[in-house]
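Asker: Kindly generate the corresponding structure for this input.
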Amino acid sequence: MISTDIARTAADTTDPRAGLRAVASLRVLADTLELRQVEAGLRAGMTWQAIADALGVSRQAVHKKHAKRIDPTIDVPRRHA
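Answerer: Take a look at the predicted model:
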C-alpha cells in the first residue's frame, strides 16, 4: 500500500529530506481523510460537537477548520439550544 510506504519513509531517519517530504504527504492525506469523515458525519446527522468529541478537539476548532471546506449540499444539523 502506498500510505504504508510513505509512513515507512516518514519514520526512517536515515534520509531526513525524504522523511520530511513523506511527513508532509501524510499531513495532506490525513487532512483529506479528516474532511471526508467530517462530511460523512454531518451527512449521518452528527453535530459539530459530536464530530469534535470523536476527533478529540473542541467544537470551535473543528468548525473553524472545516465549516467553509465542506460540500455545500450537506444539510448541517443545528445545535439544540
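Asker: and the gap between the residue nearest to the spatial centre of the chain and Gly19?
Answerer: The C-alpha lying nearest the average C-alpha coordinate of the chain belongs to Glu34 (Cα atoms, centre = their mean; 2.1 Å). Between Glu34 and Gly19 the computed distance is 22 Å (Cβ to Cβ, to the nearest Å). Backbone N, C-alpha and C define where each C-beta goes, glycine included.
Asker: again with Thr9
Answerer: 6 Å.
Asker: How many residues are close by Ala40?
Answerer: In terms of burial, Ala40 registers 12 neighbours under the definition other Cβ atoms under 10 Å.
Asker: whoops, I mixed them up, Val23
Answerer: The burial metric for Val23, expressed as a neighbour count using other Cβ under 10 Å, is 14.
Asker: ok, for it, nearest residue in space, not its chain neighbours?
Answerer: Nearest residue to Val23, sequence neighbours excluded (Cβ to Cβ, 6 or more residues apart in numbering): Ala10, at 4.8 Å.
Asker: quick one, what contacts that neighbour?
Answerer: For Ala10, the contact set (Cβ atoms under 8 Å, 6 or more residues apart in numbering) comprises Gly19, Ala22, Val23, Ser25, Leu26.
Asker: Any stretches of the protein with poor pLDDT?
Answerer: Counting by pLDDT under 70, the chain shows low-confidence ranges at 1, 79-81.
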